[in-house]
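**Q** I need the structure of the sequence given here:
(one chain, ligands or ions: 1)
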Amino acid sequence: MRIVYVVGTRPNLVKTAPVVGALRARLPDAGHTVVHTGQHYDRLMSEVFFDELGMPEPDHMLEVGSGSHAEQTARTMERLEPVLADERPDLLVVPGDVNSTLAAALTAAKMGIAVAHVESGLRSFDRTMPEEVNRLVADELSELLFLHSDEAVENLRAEGIADERMHFVGNTMIDTLVALKDRFRSLGTAARLGVEPGGFALVTLHRPALVDGPLLGETMAELRDLAAQMPVVFPVHPRTRKMMEAEIGGDAPGLLLGEPLGYLDFLSLMADAGAVLTDSGGIQEETTYLGVPCFTLRDNTERPVTIRAGTNTLLGLDPAAIGRIPAALADRGEGPPEPPPLWDGHAAERLAEVVAARR
Ligand code: UD1
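**A** Below is the predicted model of the structure:
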């Protein structure tokens, strides 16, 4: 049996590392080939993640880089097709909802190669989000759909996808977090940055709806106000940095703007944060597992399980709502919630069992 794994962006690496590890352990005689599309290419967005996650170096680098959605998707398809023609895999494994996910699923499906989609069935019901389109297509084309929350079952059934294709195995991103727990817990990144554990806000923002227009300027003004009440640590995604340089000037007292962080440093900060403000999907999940209050600057989430868990609050796509965070923190009940079912560090092992049984 031959398996090809396709990754392209930072969160893809976090979701896929345990899957490669578990499948290599479960099927040691199979071929395991990792393809990196190069959608993310900066050292801080890609290479450091391979180092920290123990992910095998990619066997193929497609170097598709940045571009419009069509360019990025088309370049990935064009460069992946000959690799798949050469490798002739029995299964292509692809995670998440980025353009690389869409391109890989489409290329494999056209070549008659079975697709396994990791993190299947999430829906924001907002087709203006590029990720929603990517999810819909990847799920429709996949033979094995690996689910990490129960609402995914209903979402997929509503699209006519048969239960036999669905496998509720849990959250492989949380597998990575659990595996790295001892390492990030002992790092003390907050102290290194000079902020008090429990007393600072950690911010990540990168979605086009927020950072590609005037809302970014309003958000930065709100963050400067928040920083007057609690220190704000904001490692800036390259997309956001580009827009900031175009529109906005620098630091303010209490507002620490920085480069993207490695995963261990980021997890260390997240675990120690008093609050997290984000528009990321994965961070809504990681804060849920860690029991850290998360405020999501979006109108919707494809991860309602994080709201039900009580850790995540949808602020809306409204920078003014950032001003509500201090009061919301003061009102908060005690006690971290239970993590959602099967967010337990063993999702990739269950996934590997399903793949092994399919042979
Ligand atoms: C992509 C995903 C998004 C995911 C995010 C995680 C899509 C449609 N979007 O968004 O779902 O949440 O990754 O980080 O697939 N850039 C660099 N260096 C890099 C990568 C990007 O400078 O290594 C800059 C470039 O200016 C590029 C811009 O960031 O044009 C956007 O990159 P792109 O890959 O198109 O989307 P992301 O915003 O990173």
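
**Q** who in the stretch 201-350 of the chain is up against the ligand?
**A** 206, 237-239, 242 (Cβ under 6 Å from any ligand atom). For glycine as for every other residue, the C-beta is placed from the backbone atoms N, C-alpha and C.

**Q** repeat that with 8 Å
**A** Proximity of the stretch 201-350 of the chain to the ligand (Cβ under 8 Å from any ligand atom) is limited to residues 206-208, 237-239, 241-242, 280-282.

**Q** how about the residues of the stretch 51-200 of the chain near the ligand?
**A** Within the stretch 51-200 of the chain, the residues that sit near the ligand (Cβ under 8 Å from any ligand atom) are 65-67, 69, 72, 96-102, 130-131, 134.

**Q** which one of those is nearest A271?
**A** Set against A271, the nearest of these by Cβ to Cβ is G96 (22.7 Å).

**Q** how many neighbours does A85 have?
**A** Counted with other Cβ atoms under 10 Å, the burial measure for A85 works out to 10 neighbours.

**Q** what sits against the residue in the stretch 151-300 of the chain that the ligand sits nearest to?
**A** Nearest to the ligand in the stretch 151-300 of the chain, going by Cβ to the nearest ligand atom, is P238, at a distance of 3.2 Å. For P238, the contacting residues are 42, 45, 260, by Cβ atoms under 8 Å, 6 or more residues apart in numbering.

**Q** quick revisit: narrow the residues of the stretch 201-350 of the chain next to the ligand to just the buried residues.
**A** Those of these that meet the buried threshold are 206-207, 237-238, 241, 280-282, by 16 or more other Cβ atoms under 10 Å.

**Q** in CSV: those, plus distance to A328 and secondary structure.
**A** Shown next, in CSV, are those (distance: Cβ to Cβ, whole Å; DSSP: H, G, I helix; E, B strand; the rest coil):
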residue, distance to A328, secondary structure
H206, 23, coil
R207, 21, coil
H237, 24, coil
P238, 30, helix
R241, 28, helix
S280, 19, coil
G281, 21, coil
G282, 22, helix
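
**Q** redo those as a markdown table? Include pLDDT.
**A** Compiled in a markdown table, those are given as follows (pLDDT from 0 to 100):
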| residue | pLDDT |
| --- | --- |
| H206 | 97 |
| R207 | 97 |
| H237 | 96 |
| P238 | 95 |
| R241 | 93 |
| S280 | 97 |
| G281 | 97 |
| G282 | 98 |
